[in-house]
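Visitor: Fold the following.
(2 chains)
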Amino acid sequence: MQRDPNIAQNPGQNFISKLGIDLRLLGMLGALVLLCVMFDLFTGGRFLTPRNLFNLSVQTASVAVMATGMVFVIVTRNIDLSVGSLLGFIGMAAAAIQVHVLPDILGLGHWSIWIIAAVFAVIMGAVIGAVQGWIIGYLTVPAFIVTLGGFLVYRGAMWWITQGQTVAPLDPTFRLLGGGADGTLGETLSWIFGVVASLTAVGLILASRRRKASHGFTVKPVWAEGILIGLAAGLVLGYVWIMNSYKIAKGALPRIAEARGVEMVDGLVLNHGVAIPVIILLGVTIVMTLISTRTRFGRYVYATGGNPEAAELSGINTRLLTVKVFSLMGALTGISAIIASARLGAVDVGLGTLDELRVIAAAVIGGTALSGGFGTIYGAVIGALIMQTLQSGMASVGVDAPLQSIVVGMVLVFAVYVDIVYRRKTGA
Amino acid sequence: MNTQTSQTARVPLVELKNMSISFGGVRAVDDVSVDLYPGEVVGLLGHNGAGKSTLIKMLSGAYGADSGEIRINGEVATIHNPRDARRYNIETIYQTLALADNLDAASNLFLGRELVTSLGFVDDDAMESEARKIMARLNPNFQKFSDPVSALSGGQRQSVAIARAVYFDAKILIMDEPTAALGPMETKMVSELIEQLKSEGIGIFLISHDIHDVMHLCDRASVMKNGQLVGTVDVNDVTDDDLLSMIILGKHPHGADGK
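Guide: Numbers count the residues shown, from 1 in each chain, chains lettered A, B, ... in the order given. Reported below is the predicted structural model:
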């Protein structure tokens, strides 16, 4: 990622700048690919398997969803230390209502239980986040302190809901939101999803090109646009193809066959397909990217991070903006709480422990500057993916847990150092 | 000044009456009254810390006054924040420029007033296109539209800040040390711009501590010292030395009272 400005005119650099791909993005993707290949070599080909990639993407979803919200929090020069505890609190509350409250009112296994629980989780997160944001924005208590307090409060509050008991089993439909053999789109839907997603990506690239051309701006050469389109479609369809090659284990086969309406015969082969949490993550990533780059709110988030005084003088209500940013963070934590609790099928008081640090690390590895003003949604998602790859990879190589922490900690510091050097060289 | 009699007959564009503000017991602005007519440039002179920027920040909404009254076109105006000021078509070019360094020129130009598409999304391409048009008028050499403004030179940053103030049909323009960071060419550009805006009937408060700037560009000058108004004079009636003694000694030149 470090480049001498004097060699800016070399052909490789020129090729990349014509493609219009950010060097930082390229660096992160390079690091990710390098990690995957390395782990695959060390494990003798057990890392880059459909099974492992499926698990990796499902495990990344919860942290990555929150990391997209953490980008806005950090860009506005704040921090949120409470997301792990809040995830646990929301997860426990949503579990309690679907296990202890709603069945009494609606009847056990009622079809609407999972919807009510999920909506409840998101709203609960948004409200709690808004309260934190109000204390930070209007009462001007530093975010570090407010969310440090929240970190303790929510973990304690979580305990009070059920006196520390584990809540299980969660509603069967709700559990699909966490992935697993049942919680996927299935093969056919996965392919349809893949085709629709790639066509959309291609459409967006072409629409942007037409818009730019209509204003008379210079556009990328046709070959560059072609490569981008190929990359986008290839990535999506390739991922779907891999997920559609992950066979469902024999033991689960009869159950899945019944759920999908396929006749159970000898020699039947069913594959997983794309997991629902991954679809949720993709949806969140797209919406958050739209918010950050195409809405006034997103523009104000970055302006406030870049120069709070200038933002205020430009007529931006920076206090209200803080409330909105933290409320959004809370709502996303609610979504992550759904994914995390649904994946485990039960909620215990430890749910979400240390997640705040994973989320902050993901955002920071993804190029979000703690000094404010800089950070991208895709960066945070890739950051979360790098963290998870590192952790899963080391586990599968057989690295001891304490050593894993040591490595992750050092990688975090190193990544930020590289980012600082990169910023200094590019002057961005 | 020969237009003096006709001006007093007209309604002032802006009247700041008996404005006061304190910070931690220090009276930064103490009972100051100034006014501004359409098509007029009023210079605000004084040492650093004389209170001129603070006075003007009460008009632009950055500070709320402790006491005093702001009248726009003769009617009492309530200005509590920059959004209020913008509603009265008051635009300000701050000494610090107030640019978000991480955003590009077009984003800064339209900050708080983005152009949106029919779906409500910000229309970056339309904003860049508009930015290119106005910059072509103000600073034809300006080309860095896709870089963050932190990558621009002082003069280029200044022209972004100026473009932002003049793009949105300002009626009242506040310029806080607009030429402090500029080279000779760019200073000349600002002078021409002020003349042009004046002819369009815009009223301009020009904060400066450069007497030559004020003598050259302004119709009247109000001098402040230690938070108080020393006096307001017609620049045609005074010499550089008169202004200098007002700034340094706080002494009002005899017979040159603008009131």
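Visitor: Now name the helix or strand holding A:Val416.
Guide: Per DSSP states H and E, A:Val416 falls inside helix A:401-426.
Visitor: Can you give the distance from stretch A:327-342 to the centre of its chain?
Guide: When C-alpha coordinates are averaged (Cα atoms, centre = their mean, to the nearest Å), stretch A:327-342 and its chain have centres 11 Å apart.
Visitor: Which residues of the stretch 151-300 of chain A lie near chain B?
Guide: Contacts of the stretch 151-300 of chain A with chain B, taken as Cβ under 8 Å from any Cβ of the partner chain, map to A:211-212, A:214-217, A:290, A:294-296, A:298-300. C-beta: built from backbone N, CA, C; applies to glycine.
Visitor: Filter those down to the buried ones.
Guide: Among these, those classed as buried by 16 or more other Cβ atoms under 10 Å in any protein chain shown are A:211-212, A:294-296, A:298-300.
Visitor: mind listing which of the residues you listed are in helices?
Guide: Among these, the members falling in helices (DSSP state H) are A:211-212, A:294, A:296, A:298-300.
Visitor: And these, which two are furthest apart?
Guide: Comparing all pairs in these by Cβ to Cβ, the longest separation belongs to A:Lys212 and A:Tyr300, at 24.1 Å.
Visitor: tell me the centre residue of chain B?
Guide: Nearest to the geometric centre of chain B sits B:Ile174, at 1.4 Å (Cα atoms, centre = their mean).
Visitor: Quick check: phi and psi on that one?
Guide: Dihedral pair for B:Ile174: phi -110, psi 120, per degrees, to the nearest 10.
Visitor: Also B:Asp35?
Guide: When read as degrees, to the nearest 10, the backbone of B:Asp35 gives phi -140, psi 170.
Visitor: Would you mind naming what in chain B lies close to chain A?
Guide: For chain B, the residues in contact with chain A (Cβ under 8 Å from any Cβ) are B:60, B:62, B:81-83, B:86, B:92, B:94, B:96-103, B:107, B:111-114, B:116, B:120-122, B:125-126, B:128-129, B:148, B:150-151.
Visitor: let's go with 7 Å and repeat that
Guide: Taking Cβ under 7 Å from any Cβ of the partner chain as the contact definition, chain B meets chain A at B:62, B:82-83, B:86, B:94, B:98-103, B:107, B:111-112, B:114, B:121-122, B:125, B:129, B:148, B:151.
Visitor: related to what we said a few turns ago, can I get the buried ones among the residues of the stretch 151-300 of chain A next to chain B in CSV including pLDDT?
Guide: As requested, those are exported to CSV (pLDDT from 0 to 100):
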residue, pLDDT
A:Arg211, 84
A:Lys212, 83
A:Arg294, 93
A:Thr295, 96
A:Arg296, 96
A:Gly298, 97
A:Arg299, 96
A:Tyr300, 97
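Visitor: wait, which of these is closest to chain B?
Guide: Closest approach between those and chain B, by Cβ to the nearest Cβ: A:Arg294, at 4.1 Å.
Visitor: just checking, that closest one touches B:Asp123?
Guide: No: distance between A:Arg294 and B:Asp123: 8.9 Å, which falls outside the contact criterion (Cβ atoms under 7 Å).
Visitor: Near the closest residue to chain A within the stretch 151-259 of chain B, how many other residues are there?
Guide: Closest residue of the stretch 151-259 of chain B to chain A, Cβ to the nearest Cβ: B:Ala151 (5.6 Å). Neighbour count for B:Ala151, taken as other Cβ atoms under 10 Å in any protein chain shown: 15.
Visitor: same check, this time on the one 10 residues further on
Guide: Around B:Ala161 there are 23 other residues, counting by other Cβ under 10 Å.
Visitor: need the contact list for it.
Guide: B:Ala161 makes contact with B:93, B:97, B:99, according to Cβ atoms under 7 Å, 6 or more residues apart in numbering or on different chains.
Visitor: any idea where the helices of chain B begin and end?
Guide: B:4-9, B:52-60, B:82-87, B:105-109, B:124-138, B:154-167, B:184-199, B:211-217, B:240-249.
Visitor: Quick check: buried residues in the longest one?
Guide: Meaning helix B:184-199. Neighbour counts over helix B:184-199 (16+ other Cβ under 10 Å) mark B:186-187, B:189-190, B:193-194, B:197-198 as buried.
Visitor: Farthest pair within those?
Guide: So for the buried residues of helix B:184-199, where distance means Cβ to Cβ, the most widely separated pair is B:Glu186 and B:Lys198, at 18.8 Å.
Visitor: Would you mind measuring from B:Thr78 to chain A?
Guide: Distance of B:Thr78 to chain A, given as Cβ to the nearest Cβ, to the nearest Å: 15 Å.
Visitor: which of the residues of chain B next to chain A count as buried?
Guide: Applying 16+ other Cβ under 10 Å to the residues of chain B next to chain A flags B:62, B:82, B:86, B:94, B:98-103, B:107, B:111-112, B:114, B:121-122, B:125, B:129, B:148 as buried.
Visitor: What count of nearby residues applies to residue 135?
Guide: Since you didn't name a chain, this refers to chain A. A:Ile135 is flanked by 21 other residues according to other Cβ under 10 Å.
Visitor: ah, no, chain B please
Guide: Per other Cβ under 10 Å, the neighbour tally for B:Met135 reads 24.
Visitor: Hmm, B:Ile162 and it touching each other?
Guide: No: assessed by Cβ under 7 Å, B:Met135 is found out of contact with B:Ile162, at 10.0 Å.
Visitor: Distance from the chain centre to the helix holding A:Val416, please.
Guide: 20 Å.
Visitor: other SSEs contacting that helix?
Guide: Using 3 or more Cβ pairs under 7 Å, 6 or more residues apart in numbering or on different chains; DSSP states H and E, the elements in contact with helix A:401-426 are helix A:355-365, helix A:377-397.
Visitor: State the mean pLDDT of that helix.
Guide: Helix A:401-426 shows a mean pLDDT of 86.
Visitor: now do stretch A:248-261
Guide: Averaged across stretch A:248-261, pLDDT comes to 87.
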